[in-house]
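Colleague: Model the following, please.
(one chain, ligands or ions: 2)
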Amino acid sequence: MEIIPGVHQIEGVNGNCYIIMGDGLVLIDTGLPNNSKKILAYVHDTLGSIPSDIETIILTHYHLDHTGSAYELWDATGAKVVIHENDADYVSGITPMPVPGGFWGVLYRMFKIFLKYKPVQPDILLHDNDRIAGLVCIHTPGHTSGSICLYDPKFKLLFAGDTLRFVDGKLQGPPPQFTPNMDQAEQSIKKIAALDFDILLCGHGAPLRSGASEKVKTFSQSLS
Ligand SMILES: [Zn+2]
Ligand SMILES: [Zn+2]
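Modeller: Ligands and ions are numbered 1, 2, ... in the order given. Coordinates of the predicted model:
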């Protein structure tokens, strides 16, 4: 699905996965494990590109539904893998991914074994305000300590990862059961509410296409 010319969302991949076409292709997030075939089929069939045209894979945070196919895609494309430094050791397997408590933890463990996550070695570690492939890295900790949003000032887009969700026509913060520091996550939402963007592209849910930054501002004012 083309969001604006040169920016695509690959449907059927969860969490959401986006491609920006520039000199090379930039992939934002990779969905759960076993999505690489679907992503590469889209690159071939819809964009008329080959796997090695993907030069950069940016991960908004370490969670499995965003990094699950990163290894397979790195292997198929040779792209540089990019993530905020605070989340890097989880994707590389140096630090085990934390398991949520209670019911979600049980589900997560089953899920992880079933899906067979393969660690991937990041090539570039991001910090707040770094620029990568024409995007500005906005560090938005809370959901994870290395969560980022990616701001495209030229096309006025904000890729929000899981810092915000737009589901059933409603803006929401990250799911509390998977967010160890909700206060920090809310501060992060206030931080991105200061940016000027037309379209918000979250890690889950549909694109928010009109007056996005105004809506995020209103939502952020409703937070404590
Ligand atoms: Zn997440
Ligand atoms: Zn997610």
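
Colleague: the strands in this protein, which residues?
Modeller: Listed in chain order, the strands of the chain (DSSP state E) span 2-4, 7-9, 18-21, 25-28, 54-58, 80-84, 124-126, 131-132, 135-139, 148-152, 157-161, 165-167, 170-172, 199-202.

Colleague: what about the fourth one, near ligand 2?
Modeller: No - when contact is scored as C-beta under 5 Å from the ion, no part of strand 25-28 falls within range of ligand 2; the minimum is 12.5 Å. In this view, the C-beta of every residue, glycine as well, is placed from N, C-alpha and C.

Colleague: From the contact counts, what lies against the helix or strand of the chain with the lowest mean pLDDT?
Modeller: When each helix and strand of the chain is scored by mean pLDDT, DSSP states H and E, helix 102-115 comes last, with a mean of 72. Packing partners of helix 102-115 (3 or more C-beta pairs under 8 Å, 6 or more residues apart in numbering; DSSP states H and E): helix 64-67.

Colleague: which other helices and strands contact the helix it packs on?
Modeller: Contact here means 3+ C-beta pairs under 8 Å, 6+ apart; on that basis helix 64-67 packs against helix 102-115.

Colleague: residues of the helix it packs on that come out buried?
Modeller: Within helix 102-115, the residues that count as buried by 16 or more other C-beta atoms under 10 Å are Tyr108.

Colleague: Show residues contacting stretch 160-171.
Modeller: Here stretch 160-171 makes contact (C-beta atoms under 8 Å, 6 or more residues apart in numbering) with 15, 29, 60-61, 63, 66, 140, 142-143, 147-150, 172-175, 178, 185, 188-189, 192, 200-208, 215-216, 219.

Colleague: Now do the end-to-end distance for it.
Modeller: Across stretch 160-171, the terminal residues are separated by 12 Å (C-alpha to C-alpha, to the nearest Å).

Colleague: repeat for stretch 9-25
Modeller: In stretch 9-25, first residue to last residue: 13 Å (C-alpha to C-alpha).

Colleague: Likewise for stretch 70-85?
Modeller: End-to-end distance for stretch 70-85: 16 Å, by C-alpha to C-alpha.

Colleague: chain center to that stretch: distance?
Modeller: 13 Å (C-alpha atoms, centre = their mean, to the nearest Å).

Colleague: That stretch and ligand 1 in contact?
Modeller: No - Stretch 70-85 lies out of reach of ligand 1 by C-beta under 5 Å from the ion, never closer than 12.8 Å.

Colleague: all numbers from here: first residue = 42
Modeller: All set: I'll call the first residue 42, so the last point we hit is now stretch 111-126.

Colleague: Any buried residues in that stretch, and which?
Modeller: Along stretch 111-126, these residues count as buried under the neighbour rule (16+ other C-beta under 10 Å): 111-115, 117-118, 120-125.
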